[in-house]
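K.L.:
I need the structure of the sequence given here:
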Amino acid sequence: MENFTAYNPTTLHFGKGVLNQLGITINRFGKKVLLVYGKNSVKSNGLYDTIKHQLDSIGAEVYEYSGIKSNPVVQDVDAAAAIGRENSVDVILAVGGGSVIDSAKIISIAIPVEAPAWDFFERKMIPRTAVPLVAVLTLAATGTEMNQFAVLSNHETENKNGYGSPLLYPRHSFLDPQLTVTVPEDYTAFGIADLVAHCLEAYFGKGEDATLSDKLVFSIIREAIEYGPPLMNDLTNYELRAKIMYAATLALNGLTMYGRTSGDWGVHSIGHILSLLYDVPHGASLTVVYPAWLRLQRENLAHRIKFLGENVFGTGDVDLTIDRLEGFFRILGCPVRLSETKAGNVDPDEIFRVMVHNKAATFVHKLNVDDYREIIRMML
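P.N.:
Reported below is the predicted structural model:
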């Protein structure tokens with residue numbers, strides 16, 4: 001087992017009615033609030049009114065930025081940061097799924113500087129301070145509510161990259177599973193797939209003797225397999241929503257990484273290309289890439305795939321393990337080929353070009369250009 005340091009400063013508020021404490025929590029940081037959210041869902045489902053009531057209860061001065069996209073872009077981050085900077089906000093309140101919270105994380109470090117936010121991603125700047133961030137999660141998927149990472153797209157440079165810093169941890173995150181019951185069927189499925197993918201990225205990382213972390217990976221994936229399909233048949237079931245929401249948080253809050261030096265993250269890196277080019281939802285990109293990636297790695301990682309199969313799918317057969325993971329994604333209703341997405345006509349050569357441009361790769365199991373071509377062939 002590798003040496004590790006455990007650190008997670010986010011206070012998590014989980015369960016029915018936790019938003020009743022939102023105003024009090026915000027008030028600890030100040031009265032001037034930058035409220036960041038997506039498009040119309042927070043208003044149509046009544047959540048916006050609930051949030052405003054909490055902010056009004058403390059006499060908050062609220063500045064808003066709405067319209068964060070499901071595949072978030074750096075241009076929105078720069079525009080929101082300008083509002084926050086101009087009004088010297090005390091705290092950012094992000095209300096939405098992973099895209100909104102990821103955007104708010106970068107906004108939090110962009111407000112204190114007079115430079116484009118993409119400079120952080122290009123390592124031209126290192127953040128020194130951040131505006132406090134409070135998150136209200138409305139989609140169980142990315143785990144961003146309790147970690148230090150964010151992902152953004154920049155269509156001008158043709159990049160979709162991740163960024164991490166301890167300054168990006170939300171100070172508080174509010175998770176009421178009731179807020180996820182209006183999430184549509186497809187994005188519910190994508191969220192379940194996303195949490196499984198996060199577990200696998202850790203599992204195939206560096207540090208194979210992290211036996212307890214492996215067991216946590218297996219338990220979280222089994223939780224998704226046990227409760228994901230019933231949820232797809234009963235989308236308003238609070239208990240099932242709660243189980244998946246909790247699993248998604250644990251899948252990427254650090255627990256599965258203890259005893260490892262890194263995750264692999266190759267599947268995410270390739271999935272980002274599909275989102276960048278064709279606006280494929282993040283979770284859907286992962287269900288397309290993972291079966292192809294595992295088949296590419298079936299010989300190199302046979303022992304790890306076998307161990308996964310024995311503990312999750314009840315088989316030590318490598319090919320059957322991959323088939324059963326792919327089958328689970330199908331049960332959820334997720335695409336497992338690009339042709340099953342809404343990407344439309346795709347150009348394999350364009351995918352290859354942008355993969356090379358982004359240096360789509362892994363931290364552990366390296367890919368070369370021939371691997372790119374083979375994965376693209378298996379994804380189509």
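
K.L.:
correct me, but G84 touches I111?
P.N.:
Yes. With contact defined as Cβ atoms under 8 Å, G84 and I111 form a contacting pair (4.3 Å). Any C-beta I mention is one placed from the backbone N, CA and C, and that applies to glycine too.

K.L.:
what sits in contact with each of these two?
P.N.:
Common contacts of G84 and I111 (Cβ atoms under 8 Å, 6 or more residues apart in numbering): I92, V131.

K.L.:
now the strands for the stretch 101-250 of the chain?
P.N.:
133-137, 149-154, 159-164, 172-175 (DSSP state E, counting those that start in this stretch).

K.L.:
Comparing the ones you listed, which comes out most buried?
P.N.:
Stretch with highest mean neighbour count among the strands of the stretch 101-250 of the chain: strand 133-137 (a mean of 27; mean count of other Cβ atoms under 10 Å).

K.L.:
and that strand, what other elements does it pack with?
P.N.:
The contact analysis (3 or more Cβ pairs under 8 Å, 6 or more residues apart in numbering; DSSP states H and E) places strand 133-137 against helix 22-27, strand 91-96, helix 98-110, strand 172-175.

K.L.:
same for the longest one, what does it pack against?
P.N.:
By that I understand helix 98-110. Using 3+ Cβ pairs under 8 Å, 6+ apart: helix 98-110 touches strand 32-37, helix 74-86, strand 91-96, helix 118-121, strand 133-137, strand 149-154.

K.L.:
tell me the mean pLDDT for the longest helix seen in the chain?
P.N.:
In the chain, assigned by DSSP state H, the helix with the most residues is helix 211-232. Per-region confidence: helix 211-232 scores 98 on mean pLDDT.

K.L.:
likewise stretch 184-192?
P.N.:
On average, stretch 184-192 scores 98.

K.L.:
For it, output the C-alpha coordinates as PDB.
P.N.:
Output in PDB follows, covering the C-alpha atoms of stretch 184-192 (Å, rounded to 0.1, in the frame of the first residue of the first chain):
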ATOM      1  CA  PRO A 184     -35.000  12.900 -16.100                       C
ATOM      2  CA  GLU A 185     -34.500   9.200 -16.800                       C
ATOM      3  CA  ASP A 186     -31.400   9.600 -19.100                       C
ATOM      4  CA  TYR A 187     -29.500  11.900 -16.700                       C
ATOM      5  CA  THR A 188     -30.300   9.700 -13.800                       C
ATOM      6  CA  ALA A 189     -28.800   6.800 -15.700                       C
ATOM      7  CA  PHE A 190     -25.700   8.800 -16.700                       C
ATOM      8  CA  GLY A 191     -25.200   9.800 -13.100                       C
ATOM      9  CA  ILE A 192     -25.200   6.100 -11.900                       C
END
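
K.L.:
How far does it sit from its chain's centre?
P.N.:
13 Å (Cα atoms, centre = their mean, to the nearest Å).

K.L.:
Tell me the buried residues in that stretch?
P.N.:
D186, Y187, T188, A189, F190, G191, I192 (16 or more other Cβ atoms under 10 Å).

K.L.:
Correct me if wrong, but E64 is in a strand.
P.N.:
Yes. Using DSSP: H, G, I helix; E, B strand; the rest coil, the assignment for E64 is a strand.

K.L.:
Please report how far the residue lying closest to it once chain neighbours are set aside lies from I26.
P.N.:
Spatial nearest neighbour of E64, excluding adjacent residues (Cβ to Cβ, 6 or more residues apart in numbering): L35 at 4.8 Å. Counting by Cβ to Cβ, to the nearest Å, the gap from L35 to I26 is 10 Å.

K.L.:
hey, what's in contact with both of these two?
P.N.:
Shared contacts of L35 and I26, counting by Cβ under 8 Å, 6+ apart, come down to L55, L93.

K.L.:
what's the distance between M1 and G207?
P.N.:
7 Å.

K.L.:
And F149, by the same measure?
P.N.:
19 Å.

K.L.:
Also S88?
P.N.:
Taking Cβ to Cβ, one finds S88 at 44 Å from G207.

K.L.:
In terms of neighbours, single out the busier of these two.
P.N.:
Under the neighbour definition other Cβ atoms under 10 Å, S88 and G207 were set side by side, and G207 has more, 20 against 10.

K.L.:
Quick check, central residue of the chain?
P.N.:
T142 (2.6 Å; Cα atoms, centre = their mean).

K.L.:
Do I have it right that that residue meets H282?
P.N.:
Yes. Using Cβ under 8 Å, T142 is in contact with H282, at 7.5 Å.

K.L.:
Quick check: neighbours shared by those two?
P.N.:
G98, D194.

K.L.:
In which helix or strand does I273 reside?
P.N.:
I273 is located in helix 266-278, with elements delineated by DSSP states H and E.

K.L.:
Residues contacting that helix, please?
P.N.:
Counting by Cβ under 8 Å, 6+ apart, residues outside helix 266-278 touching it are 71, 151, 153, 155, 158-162, 197, 200-201, 280-282, 285-286, 288-290, 293, 338, 341, 343-344, 346, 350-351, 354-355, 358, 360-365, 367, 375.
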